[in-house]
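1. A predicted structure for the sequence below; I have some questions about it.
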Amino acid sequence: MDNLIIEASTSSPRVRLDAESGIAEFGGESYPENAFDFYEPISLWFRRFIAESSAALRLQIRLSYLNTSSTKCLVDILDELDEAYGKGRDVRVSWYCDRRNERAQESAQEFGEDIDMPFEVLLEEGAS
Amino acid sequence: MSTERESEAQDPGLAEIRSVLEDADLAGDPLLPRYRSLAVRYTKMFRSFMKTLRISDRYQLRLKELNENLDEAMRTDYLTGLLNRRAFFDRSSAELSRARRHGRSICAIMADIDEFKNVNDRYGHAAGDEVLRTMARLILSCFRHEDICVRWGGEEFLIVLPDTDILGAAVAAEKLRSLVASTATMYDNHAIRVTISAGSAENRGEEIDLTIKNADEALLEAKALGRDRSVARSPKV
């Protein structure tokens, strides 16, 4: 299965989905003109990774801002991962926030609501 | 989550789906499993929709806060925390029209640190910055909340006093002058002492620029008289 790598632009995050290591990373800000187009291949990658492999998945997120459509896309991706977790898959989400940005921590926590898989919000210095 | 349960309880779509699924006519219907699957799908969509809204609201709140901070920063002098000129013109025009409407007097005080260049030359610019911060602190302690305190230029400060006549302004300027003269700024184990000269003028219904100019002239007079003093300009009638 292929890796999916998308470089960051001013309005879209950098995305690194590594099939070998099972590590998926999002970083930056997300307000692309068409979030559904942007996230479609990403969400497809996750679906295939879940279906075609049984390896553990680690999702690491460093997103400081998401517009509403991007939020919707990410909520849906997390739902699919949570469903896989419910079926016994090893999935863990780590969301990194800037220590000084309390609001970002609250938003990150909110993404983890109603989700059963391990979902941690971690603070770091100068993260996005 | 209780909020989510509440919103689910209030959603008419969900309520209708539930009541249809419980309808006795549907018992034994071969399509029932597919209806149930649709119901699950709808419930998931509804939850994801509500969650997206909650998160989106948070981001909007944050953007709003950032905007307010930016607005504040745009109106504040970075070094001293006093208002800058831009904020001054916004506030002074409101104060001026209020004074006119109620027939009240309004005054301006222009204060300038005497021979400030010497502080910079002798102790360095960082020391000069510290002196400017002390000045701001003294100004804020000396004047009322409703007075408009502005860093006008390098070492020049403007204070506009609503509901104050020229006598009141002269007293306030003198109070600031003596406070500054008796306060040292500690910097790098040096006690730096400065004095100020100040000029006051009363607004007589003219544009605020002219009042400032009058206060400035009074300030120059104070400088010419030997500094460390305040001069009140008697209003031109």
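-> In hand now; what should we look at? Numbers count the residues shown, from 1 in each chain, chains lettered A, B, ... in the order given.
2. where in the chain is pLDDT low?
-> All of this is about chain A. A:127-128 (pLDDT under 70).
3. The intended chain is chain B.
-> For chain B, the ranges with pLDDT under 70 are B:1-5, B:235-237.
4. what about the residue nearest in space to the middle of it, which helix or strand?
-> Central residue of chain B (Cα atoms, centre = their mean): B:E72, 4.8 Å from the mean position. For B:E72, the enclosing helix or strand under DSSP states H and E is helix B:32-75.
5. What segments of chain A are helices?
-> Applying DSSP state H to chain A gives helices spanning A:35-52, A:68-86, A:102-111.
6. Adding distance to chain B, write those out as a markdown table.
-> Every residue, glycine included, has its C-beta placed from N, CA and C. Formatted as a markdown table, the helices of chain A follow (distance: least, Cβ to the nearest Cβ, whole Å):
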| stretch | distance to chain B |
| --- | --- |
| helix A:35-52 | 11 |
| helix A:68-86 | 4 |
| helix A:102-111 | 4 |
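7. could I get those helices as a markdown table with distance to B:A224?
-> Output for the helices of chain A, formatted as a markdown table (distance: least, Cβ to Cβ, whole Å):
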| stretch | distance to B:A224 |
| --- | --- |
| helix A:35-52 | 67 |
| helix A:68-86 | 64 |
| helix A:102-111 | 54 |
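8. got TSV for those helices, with mean neighbour count too?
-> Shown next, in TSV, are the helices of chain A (neighbours: other Cβ atoms under 10 Å in any protein chain shown):
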stretch	mean neighbour count
helix A:35-52	16
helix A:68-86	20
helix A:102-111	20
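9. thinking again about what came up before, any part of the helix holding B:E72 near chain A?
-> Yes: Helix B:32-75 lies within reach of chain A by Cβ under 8 Å from any Cβ of the partner chain, at B:44, B:47-49, B:51-52, B:54-56, B:58-59, B:61-62, B:65.
10. Show the secondary-structure elements that that helix is packed against.
-> If you count contacts as 3 or more Cβ pairs under 8 Å, 6 or more residues apart in numbering or on different chains; DSSP states H and E, helix B:32-75 packs onto strand A:57-66, helix A:68-86, helix A:102-111, helix B:2-10, helix B:12-21, helix B:85-102.
11. counting contacts, what elements does the third one pack onto?
-> Read it as helix A:102-111. helix A:68-86, strand A:91-98, strand A:119-124, helix B:32-75.
12. likewise the fifth one?
-> The contact analysis (3+ Cβ pairs under 8 Å, 6+ apart) places helix B:12-21 against helix B:32-75.
13. now do 10 Å
-> On a contact count with 3 or more Cβ pairs under 10 Å, 6 or more residues apart in numbering or on different chains; DSSP states H and E, helix B:12-21 meets helix B:2-10, helix B:32-75.
14. quick one: furthest residue from the center of chain A?
-> A:R100 (21.4 Å).
15. no, scratch that, I was asking about chain B
-> Extreme point of chain B relative to centroid (Cα atoms, centre = their mean) is B:G28; 69.1 Å.
16. Please tell me how far it sits from B:V231.
-> 101 Å (Cβ to Cβ, to the nearest Å).
17. do B:P30 as well
-> 99 Å.
18. Between the two, point out the one with more neighbours.
-> Remark: of B:P30 and B:V231, B:V231 carries more neighbours, 21 against 6, as counted by other Cβ atoms under 10 Å in any protein chain shown.
19. Show me what whichever helix or strand that one is part of is packed against.
-> Assigned by DSSP H and E, B:V231 belongs to strand B:230-232. With contacts defined as 3+ Cβ pairs under 10 Å, 6+ apart, the packing partners of strand B:230-232 are strand B:106-113, helix B:166-181, strand B:196-202, helix B:208-224.
20. what's it in contact with?
-> Contacts with strand B:230-232, where a contact means Cβ atoms under 10 Å, 6 or more residues apart in numbering or on different chains, come from B:107, B:109, B:111, B:166-178, B:196-202, B:215, B:217-225.
21. Show me how to select, in ChimeraX, the buried members of those.
-> The ChimeraX command for the buried members of the contacts of strand B:230-232 (criterion: 16 or more other Cβ atoms under 10 Å in any protein chain shown) is given here:
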select /B:107,109,111,166,168,169,170,172,173,176,177,196,197,198,199,200,201,202,215,218,219,221,222,223
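22. between the helices and strands packed on strand B:230-232, which gets nearest to A:I77?
-> Closest to A:I77 of the helices and strands packed on strand B:230-232 is helix B:208-224 (Cβ to Cβ; 57.7 Å).
23. Touching stretch B:30-41 from outside, list them.
-> For stretch B:30-41, contacts defined as Cβ under 10 Å, 6+ apart pick out B:14, B:17-18, B:20-21, B:26, B:29.
24. Repeat the analysis, applying 6 Å as the threshold.
-> Here stretch B:30-41 makes contact (Cβ atoms under 6 Å, 6 or more residues apart in numbering or on different chains) with B:17, B:26.
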